[in-house]
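>>> Sequence plus predicted model, see below.
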Amino acid sequence: MASTHYADGRQENRVENYTKFWQKDLGKEGEADNKNRVESYTDVVNGYYDGATELYEYGWAQSFHFSRFYKGEAFAASLARHEHYLAAQMALRPGMRVLDVGCGVGGPAREIARFADVNIVGLNNNDFQIQRARKYTKKAGLEDLVSFAKGDFMKLSEQFGENSFDAVYAIEATVHAPTWEGVYGEIMKVLKPGGVFGVYEWCMTDAWDPSIPAHKELAHAIELGNGIPEMRHLKKAREAMINVGLTIEHEEDLAERPDEVPWYYPLEGDIWKAQTAWDYFTVWRMSWSGKLVSHTAIKFMEMLNLIPKGTHDVGESLKVAADALVKGGQTKLFTPMYLAICRKPVLSDS
């Protein structure tokens with residue numbers, strides 16, 4: 001049967017097939033499953049975001065990332081501060097040409113463009129997200145500063161040419177790459193000599209031991225719930241940056257900061273932990289009753305063919321993700337905010 005292609009760019013077969021990249025019992029995951037996901041990373045990531053994007057926007061925001069919280073800090077303010085912090089650490093300046101690798105629906109690009117007055121090109125390989133990114137950017141009146149391009153982040157130099165950006169950043173996006181060396185190497189190529197690369201990377205921490213079954217299963221749950229072909233050690237991210245020739249000027253796992261309010265608190269679904277009155281609804285959506293309401297609605301819309309078949313299953317994987325991410329945060333086995341600020345040497349062979 002031919003797959004339904006929606007006018008908004010979504011493809012039904014990608015959504016339906018997404019969860020099939022994992023064993024139903026994550027404890028039975030083997031190397032062959034892992035290899036298949038890595039080799040099929042485009043289908044894995046697109047299948048996930050075709051099904052999950054609207055759920056992200058409903059349950060989270062237009063900025064698909066985590067952030068640190070101060071006591072009493074509003075959810076939206078925390079997301080913006082996380083983006084501003086990256087821009088400040090990168091020392092972005094007005095007029096710079098900047099590439100956002102894996103831009104989602106453009107939330108961070110719009111915020112950073114406003115904050116730093118830079119020109120941003122958002123790269124995304126998902127048609128559905130690009131359409132939404134352009135719509136939101138037009139509505140925000142930022143089309144002069146922010147634009148979007150469809151492309152594969154493993155082929156940046158082929159699309160943009162070498163030495164073409166003053167700065168490149170990635171916010172919780174390059175974890176979707178089949179290899180960190182591959183995507184960081186491409187970032188290295190498109191940066192101008194002396195250019196800066198800033199990243200918030202998803203990693204398993206050094207405390208994670210894949211030889212421990214419970215640790216390995218936790219990583220697979222994070223993968224399944226977030227469209228990730230393979231979770232990897234933080235140290236491998238650092239090694240990959242160095243191996244491709246980038247100079248690391250600053251690095252820190254921000255999840256190790258002694259914050260009173262943990263980064264994962266919205267996922268816990270405890271409305272009594274909401275930091276402001278406005279955030280009660282955000283936190284409620286992750287509670288058992290909030291999940292029941294949203295996932296029942298998704299099932300009903302899928303039955304009426306209003307959304308691609310398989311969207312409900314992707315939504316169910318998001319519930320797996322929430323539990324795994326909270327557990328990963330509580331046990332310090334996972335971080336969504338390994339920050340690295342790197343620079344391309346002025347004198348380079350590339």
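Done, it's in. Numbering: from 1, shown residues only.

>>> All the helices of the stretch 151-300 of the chain, in order from the start?
Taking DSSP state H, counting those that start in this stretch, the helices of the stretch 151-300 of the chain run over residues 156-160, 180-190, 213-226, 234-243, 280-284, 288-303.

>>> for the third one, packing partners?
The reference is to helix 213-226. Counting contacts by 3 or more CB pairs under 8 Å, 6 or more residues apart in numbering; DSSP states H and E, helix 213-226 packs against strand 191-204, helix 311-330, strand 334-343. (Each C-beta comes from the backbone N, C-alpha and C, glycine too.)

>>> now that helix against helix 311-330, angle please.
140 degrees (axes from the mean of the first three to the mean of the last three CA atoms, to 10 degrees).

>>> and if you look at the fourth one?
Helix 234-243 runs at 90 degrees relative to helix 311-330, counting by the same axes, to 10 degrees.

>>> Which elements pack onto helix 234-243?
Using 3+ CB pairs under 8 Å, 6+ apart, helix 234-243 sits against helix 180-190, strand 191-204, strand 247-253, strand 334-343.

>>> any chance of the ones you listed in TSV, plus mean neighbour count?
What follows is these, written out as TSV (neighbours: other CB atoms under 10 Å):
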stretch	mean neighbour count
helix 180-190	23
strand 191-204	23
strand 247-253	14
strand 334-343	22
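
>>> In three-state terms, label residue 122 for me.
With DSSP: H, G, I helix; E, B strand; the rest coil as the basis, residue 122 sits in strand.

>>> name the element the closest residue to it other than its chain neighbours belongs to?
Excluding the flanking residues, the one nearest residue 122 by CB to CB, 6 or more residues apart in numbering is residue 103, at 3.1 Å. Under DSSP states H and E, no helix or strand contains residue 103.

>>> sorry, back to before: right, and the helices of the stretch 151-300 of the chain - which one's nearest residue 320?
helix 213-226 (4.4 Å; CB to CB).

>>> returning to what we had before: please identify the most buried of the helices of the stretch 151-300 of the chain.
Across these, the average number of neighbours (mean count of other CB atoms under 10 Å) peaks for helix 180-190, which reaches a mean of 23.

>>> So what's the model's average confidence on that helix?
For helix 180-190, mean pLDDT rounds to 98.

>>> and what of stretch 210-226?
94.

>>> Relative to the whole chain's centre, how far out is stretch 20-34?
Centroid separation for stretch 20-34 versus its chain: 22 Å, with CA atoms, centre = their mean, to the nearest Å.

>>> Check stretch 235-253 too.
For stretch 235-253, the distance to the chain centre is 19 Å (CA atoms, centre = their mean).

>>> which one of the helices and strands packed on helix 234-243 lies closest to residue 66?
strand 334-343 (4.4 Å).

>>> okay, the angle between the closest one and helix 311-330?
Going by the same axes, to 10 degrees, strand 334-343 makes 80 degrees with helix 311-330.

>>> got CSV for the helices of the stretch 151-300 of the chain, with distance to residue 346 too?
As requested, the helices of the stretch 151-300 of the chain are exported to CSV (distance: least, CB to CB, whole Å):
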stretch, distance to residue 346
helix 156-160, 19
helix 180-190, 13
helix 213-226, 37
helix 234-243, 17
helix 280-284, 44
helix 288-303, 50
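
>>> Tell me which of the ones you listed lies nearest to residue 258.
Here helix 234-243 is closest among the helices of the stretch 151-300 of the chain (CB to CB), at 18.8 Å.

>>> Need the residues that contact the closest one.
The contact list for helix 234-243 (CB atoms under 8 Å, 6 or more residues apart in numbering) reads 179-181, 184, 201, 203-206, 248, 251, 253, 335, 338, 340, 342.

>>> re earlier: ranking the helices and strands packed on helix 213-226 by mean pLDDT, which is last?
Among those, helix 311-330 carries the lowest mean pLDDT, at a mean of 89.

>>> Next up, the contacts around the residue nearest to residue 137 when sequence neighbours are not counted.
What sits nearest to residue 137 in space, not counting adjacent residues and going by CB to CB, 6+ apart, is residue 146, at 5.1 Å. Residues in contact with residue 146 (CB under 8 Å, 6+ apart) are 106, 109-110, 113, 119-120, 122, 137.
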